[in-house]
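# Coordinates for the following, if possible.
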Amino acid sequence: MNQEQSALRQQPEPQGNINREQQQYQEDVKVEHPRIESSIESPFQALGIRPELVRALRELEITTPTLIQQKAIPLIKAGKDLIGMSRTGSGKTAAFGLPILENLRPQAGLQVLIMAPTRELAVQIGDELRKFGKYLHFRLATVYGGVSLGPQIEQISRADIVVGTPGRLKDHLNRQNLNLSHLTCTVLDEADKMVEMGFIEDIEYILSYTPEKRQMLLFGATISKEIDHLTERFMHAPVTAEAEAQVQEELLEQFYYNVQHHEKFSLLVHLLKKEATQRVIIFCSARSTVELVSRNLQLQGLRNEMIHGKLSQNRRLNVIEKFHCGQAPILVASAVAARGLDIKDVSHIFNYDLSADPQEYIHRIGRTARAGESGKAITLLSQKDFQAFGDILNRFRVNIQELPLEPFARLRFDARRFDSEENSSRSYHGRSDQNAHRGYRRFDGERPSRFPRREQSQSYQPPRWGSGWGK
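The predicted structure follows:
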């Protein structure tokens with residue numbers, strides 16, 4: 001063999017071949033030994049998350065921690081009581097869920113209690129924890145009202161983690177179905193929403209049954225005086241992990257239209273047909289408005305589902321599932337869908353009207369522009385919404401632009417109210433509106449002589465973007 005041939009044989013193989021062989025070897029190792037991960041540390045492993053959890057996250061295509069996860073996970077793993085504050089859709093469930101699963105002791109009884117404001121959020125948290133802990137051995141019970149106690153009692157008796165709503169948790173506690181004496185961790189998710197919904201006394205009652213020496217984690221978007229009271233009474237030297245509280249302006253476009261109240265529905269239908277939408281959520285501030293808008297969209301051939309707090313539990317879960325699966329591309333919702341629910345691929349948010357609570361606007365628009373995707377939020381603004389809109393602009397730095405009205409067809413609007421569960425008809429405007437009982441329809445555009453259209457008030461002043469709001 002000459003020197004030239006010897007040198008060629010001693011040259012290393014091309015780097016691409018080595019990488020391919022190394023990758024194949026790592027994949028073979030993972031198949032044969034699923035708990036052995038690559039020697040290259042992932043971002044979650046750098047946070048101290050065990051390989052079984054990292055593997056489940058990778059299968060869910062979650063590879064990079066969000067800001068709240070980066071800040072909260074090390075503190076929770078260190079045993080600190082924590083107040084976590086971040087915007088909706090920032091990955092709060094994984095922020096507390098991963099270290100909780102990390103610290104679980106097998107077959108040690110009930111160790112973790114998680115409270116959530118709504119049934120849907122409780123179910124969602126339970127489902128997410130099961131996905132994260134796919135390769136761990138633990139038992140989880142999800143409890144909420146509106147369903148039988150029996151199956152929940154059986155699940156609680158074997159659970160390592162219980163996720164539930166305050167009312168039903170208190171019920172189980174009073175019936176002695178729930179033993180909290182050995183808890184190591186308690187979580188309040190969407191704590192500000194639970195306070196807003198009037199659960200503060202139930203929460204305090206439940207926490208009074210938990211051990212003195214246990215970790216407490218509180219997550220929410222805002223901290224009120226009531227929450228300050230909870231932290232002072234039940235938390236031990238809490239630390240704060242705070243991520244960006246507002247939406248990402250580069251991903252979310254915000255617009256509003258000035259429109260007369262009786263023309264809102266016509267404009268909404270026009271925009272739904274004009275915009276290139278995927279999944280759409282239309283928020284209304286009242287249950288009656290949710291029902292009316294949903295039914296009138298159906299009359300216009302726009303397939304949709306509605307959700308609000310008066311629907312039965314099974315129906316609410318069925319609605320969310322249909323929306324997730326794309327069977328119903330439009331969801332008409334009250335505030336129950338504005339907080340906590342993980343609804344992916346929402347391209348558009350429409351605010352049919354505004355809540356009196358400025359914070360609610362931030363939660364609504366936080367349903368879109370999530371996980372790096374772009375989104376659009378459009379508000380239909382009439383004179384009734386001016387005060388609420390001014391409060392939003394004074395409280396939050398939102399980049400919202402006015403769009404000029406364009407020509408759109410005026411549509412008929414059926415204003416009769418129907419009970420959402422029983423389909424029983426009743427008046428939209430109360431007993432004094434006998435026309436609704438007689439079956440007449442109100443119109444969103446040109447009306448018959450029976451309903452003469454009023455001229456626009458001379459005092460009507462459309463809002464304008466600027467510092468004059470709320471003064």
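# Which segments of the chain make up each domain?
43-242, 252-443 (automatic domain parsing).
# Now do the host helix or strand of Phe255: distance to the chain's middle.
Per DSSP states H and E, Phe255 falls inside strand 252-258. Mean-position distance between strand 252-258 and its chain equals 21 Å (Cα atoms, centre = their mean, to the nearest Å).
# next one: stretch 283-290
18 Å.
# And that stretch, end to end?
Using Cα to Cα, to the nearest Å, one end of stretch 283-290 lies 8 Å from the other.
# Now it: buried residues?
Buried residues in stretch 283-290, counting neighbours by 16 or more other Cβ atoms under 10 Å, are found at Phe283, Cys284, Ser285, Arg287, Ser288, Thr289, Val290. The way it works is simple: take the backbone N, C-alpha and C, and place the C-beta from them, glycine included.
# Settle this for me: the last one is touching Glu305, isn't it.
No: between Val290 and Glu305 there is no contact under Cβ atoms under 8 Å: 10.5 Å.
# so what sits against both of those two?
Common contact partners of Val290 and Glu305 (Cβ atoms under 8 Å, 6 or more residues apart in numbering): Val332.
# so where's this structure shaky on pLDDT?
For the chain, the stretches with pLDDT under 70 are 1-40, 87-89, 224, 244-249, 337-342, 371-372, 418-471.
# rerun that using 80 as the cut-off
In the predicted model of the chain, residues 1-41, 86-90, 196, 221-226, 244-250, 312-314, 336-344, 359, 370-372, 417-471 satisfy pLDDT under 80.
# For the residue nearest to Ser181 when sequence neighbours are not counted, give me its contacts.
Excluding the flanking residues, the one nearest Ser181 by Cβ to Cβ, 6 or more residues apart in numbering is Pro211, at 6.4 Å. The contact partners of Pro211, by Cβ under 8 Å, 6+ apart, come to Leu180, Ser181, His182, Leu183.
# so which helix or strand takes in Pro211?
Using DSSP H and E, no helix or strand contains Pro211.
# send the alpha carbons of the helix or strand in which Val319 is found over as PDB?
Per DSSP H and E: Val319 is located in helix 313-325. The C-alpha coordinates for helix 313-325 follow below in PDB (Å, rounded to 0.1, in the frame of the first residue of the first chain):
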ATOM      1  CA  GLN A 313     -71.600  20.100  32.000                       C
ATOM      2  CA  ASN A 314     -71.900  17.400  29.400                       C
ATOM      3  CA  ARG A 315     -73.100  19.900  26.800                       C
ATOM      4  CA  ARG A 316     -70.300  22.400  27.600                       C
ATOM      5  CA  LEU A 317     -67.700  19.700  27.200                       C
ATOM      6  CA  ASN A 318     -69.300  18.500  24.000                       C
ATOM      7  CA  VAL A 319     -69.200  22.100  22.600                       C
ATOM      8  CA  ILE A 320     -65.500  22.500  23.400                       C
ATOM      9  CA  GLU A 321     -64.700  19.100  21.800                       C
ATOM     10  CA  LYS A 322     -66.600  20.100  18.600                       C
ATOM     11  CA  PHE A 323     -64.700  23.400  18.400                       C
ATOM     12  CA  HIS A 324     -61.400  21.600  19.000                       C
ATOM     13  CA  CYS A 325     -62.100  19.100  16.200                       C
END
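# Only the buried residues of it, if you could.
Within helix 313-325, the residues scored as buried using 16+ other Cβ under 10 Å are Arg316, Val319, Ile320, Lys322, Phe323, His324.
# Export those residues as a markdown table, with columns for distance to Gln70.
Listed next are the buried residues of helix 313-325 as a markdown table, based on distance: Cβ to Cβ, whole Å:
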| residue | distance to Gln70 |
| --- | --- |
| Arg316 | 33 |
| Val319 | 34 |
| Ile320 | 29 |
| Lys322 | 35 |
| Phe323 | 30 |
| His324 | 28 |
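# Return the helix or strand containing Gln69 as PDB; C-alpha atoms alone will do.
Per DSSP H and E: Gln69 is located in helix 67-77. Taking C-alpha atoms only, helix 67-77 is exported to PDB below (Å, rounded to 0.1, in the frame of the first residue of the first chain):
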ATOM      1  CA  LEU A  67     -40.800  32.400  30.000                       C
ATOM      2  CA  ILE A  68     -43.100  31.600  32.900                       C
ATOM      3  CA  GLN A  69     -41.900  28.000  32.800                       C
ATOM      4  CA  GLN A  70     -38.300  29.100  32.900                       C
ATOM      5  CA  LYS A  71     -38.900  31.300  35.900                       C
ATOM      6  CA  ALA A  72     -41.300  29.200  37.800                       C
ATOM      7  CA  ILE A  73     -40.100  25.600  37.500                       C
ATOM      8  CA  PRO A  74     -36.700  26.000  39.400                       C
ATOM      9  CA  LEU A  75     -38.400  27.900  42.200                       C
ATOM     10  CA  ILE A  76     -41.200  25.300  42.500                       C
ATOM     11  CA  LYS A  77     -38.600  22.500  42.500                       C
END
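# Just the residues contacting that helix, thanks.
For helix 67-77, contacts defined as Cβ under 8 Å, 6+ apart pick out 47-49, 65, 82, 84, 86, 90-92, 94-96, 98-100, 102-103, 215, 217, 239, 241-244.
# buried ones in stretch 158-169?
Buried residues in stretch 158-169, counting neighbours by 16+ other Cβ under 10 Å, are found at Ala159, Asp160, Ile161, Val162, Val163, Gly164, Thr165, Pro166, Arg168, Leu169.
# all strands of the stretch 1-150 of the chain, in order?
Shown for the stretch 1-150 of the chain, the strands assigned by DSSP state E, counting those that start in this stretch span residues 82-85, 112-115, 140-143.
# Please report phi then psi for Gly326.
phi 80, psi 10 (degrees, to the nearest 10).
# Kindly report the same for Arg50.
Dihedral angles of Arg50 (phi, psi; degrees, to the nearest 10) stand at phi -70, psi 160.
# In contact with it: list those residues for me.
Here Arg50 is in contact with Glu102 (Cβ under 8 Å, 6+ apart).
# before we move on, what SS does the nearest residue to Phe323 once chain neighbours are set aside have?
Leaving aside its chain neighbours, Phe323 sits nearest to Leu331 (4.8 Å; criterion: Cβ to Cβ, 6+ apart). Three-state assignment for Leu331 (DSSP: H, G, I helix; E, B strand; the rest coil): strand.
# now Leu331: how far from Pro43?
In this view, Leu331 and Pro43 are 33 Å apart by Cβ to Cβ, to the nearest Å.
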